[in-house]
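K.L.:
I'll drop the sequence and a predicted model, then ask my questions.
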Amino acid sequence: MAIQWFPGHMHLTRQAIAERVKAVDVVIEMLDARLPGSSANPMLAELTQAKPKLKLLSKQDLADPLQTEAWLAHYQTQDQTHAIALDAKHQAPVKTLLEACRRLAPTRGESLTKPMRVLICGIPNVGKSTLLNRMVGKTAAKAADEAGVTKQEMRYALTDAFYLYDTPGVLWPRIIVAQTGFNLAASGAIGRNAFDDIEVALVMLDYLKTHYPQSLQSRYKLGQDGKEASDPNQWDEEALLARIGKSRGGLLSGGRVDLQKAAEAAIHDFRSGALGRVSLETPQEFAQWLALGEELDAERAVRKEAFAQAKAAQRKSGQKKRW
């Protein structure tokens, strides 16, 4: 089942962004470096299409560096777009962002009469508050490993001529790419009640065992007893999840595996970086997923329209019979 999550406050955030973007010079969209395509909000792309954009890949210290480079190169080819990668250890985030924004809007930010006005936005739990806290030099924005912490717009003056507007994390009303929903859930961008941990863990493990088998083998000590395969690709996802449950102490009475605890452990290991530097998508993979999602969405729209027309015809027929 497709994962969806769009709480009421996100609709208000959408309206606020649509209004604020009219008066800014540059839009920074923070993306999760482990899933840049899935964490790019198509609603934001629509709202900000006329503005210069800085794609800021956060959490690069958790992502596969080769895939991060591939994603940066992908974004650099887009019109009016620059891309950089940062993480929590970056020593000079203010200087880096100032330079990147001035590259996109060179006539702004040099004086009080022409200040640089920047809107920073992104999905929930992508690291905006953590970055802002480091940039401002104090705990100015509440940071937590939980989707949907920031609830209102905030303004920061990074210099006398550089204003940064922070908005709450926002998703979009309907996710049409199935893999995107799973990747967002794995990263922590979606509220816990909107997805099934076991399903998300199985999809994540299916990807990781193909692309990062050594990370799984190393983390969960596969094959050490000499009785089981050391290569994760020789395991199906359910067996691999059960093995993770055993290795992490997720056992119930009678030696049964608590798959819920196993799934939570696997997802936590991904989020915390315990699996090493891994990414959940490449630019090419995401392009394929998006094309399929758009195709299925178009078919859904046709079916919906046909159903609406059939219902209208049925109502019309019923009215004629009454007469």
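P.N.:
Sure thing, it's come through. Numbering: from 1, shown residues only.
K.L.:
Looks like K59 contacts R34 (just checking).
P.N.:
Yes: assessed by CB atoms under 8 Å, K59 is found in contact with R34 at 6.5 Å. C-betas here are computed from N, CA, C, even on glycine.
K.L.:
who's more crowded, those two?
P.N.:
Between K59 and R34, R34 has the larger neighbour count (other CB atoms under 10 Å), namely 28 against 24.
K.L.:
Quick check: phi and psi at the more buried one.
P.N.:
For R34, the backbone dihedrals (degrees, to the nearest 10) come out as phi -80, psi -20.
K.L.:
those strands in this protein, which residues are they?
P.N.:
For the chain, the strands defined by DSSP state E cover 26-32, 53-58, 81-85, 116-122, 154-159, 162-166.
K.L.:
How far off centre is the top helix by length along the chain?
P.N.:
Secondary structure of the chain per DSSP state H: the longest helix is helix 283-322. Computed by CA atoms, centre = their mean, to the nearest Å, the chain-centroid distance of helix 283-322 equals 28 Å.
K.L.:
ok, V302 - how many residues close by?
P.N.:
Residues near V302, counting by other CB under 10 Å, number 10.
K.L.:
With M43 instead?
P.N.:
Neighbours of M43 using other CB under 10 Å come to 18.
K.L.:
my guess is it meets I176, correct?
P.N.:
No: with contact defined as CB under 8 Å, M43 does not count as touching I176 (11.9 Å).
K.L.:
middle-most residue in the chain, spatially?
P.N.:
Per CA atoms, centre = their mean, the C-alpha nearest to the average position across the chain is that of S39, at 2.8 Å.
K.L.:
coming back round to it: show me which positions of the longest helix of the chain end up buried.
P.N.:
By neighbour count on 16 or more other CB atoms under 10 Å, the buried set for helix 283-322 is 285-286, 289-290, 293.
K.L.:
now do stretch 47-67
P.N.:
In stretch 47-67, counting by 16+ other CB under 10 Å, buried: 47-48, 51-64, 67.
K.L.:
ditto for stretch 206-224
P.N.:
Applying 16+ other CB under 10 Å to stretch 206-224 flags 207-209, 211-213, 215-217, 219-220, 222 as buried.
K.L.:
Mind checking which of the residues you listed are in helices?
P.N.:
207-209, 211, 213, 215-217, 219-220.
K.L.:
so which of the residues you listed comes closest to I267?
P.N.:
When these are ranked by distance to I267 (CB to CB), L208 comes first, at 11.5 Å.
K.L.:
Contacts only, for the closest one.
P.N.:
215-216, 232, 270, 275, 278 (CB atoms under 8 Å, 6 or more residues apart in numbering).
K.L.:
how about low-confidence regions in the stretch 101-250 of the chain?
P.N.:
Scanning the stretch 101-250 of the chain with the threshold set as pLDDT under 70 gives 138-152.
K.L.:
Run through the helices of it in chain order.
P.N.:
128-136, 178-187, 197-211, 213-220, 237-247 (DSSP state H, counting those that start in this stretch).
K.L.:
I'd like to check the angle between the third one and helix 178-187, please.
P.N.:
What that stands for is helix 197-211. 100 degrees (axes from the mean of the first three to the mean of the last three CA atoms, to 10 degrees).
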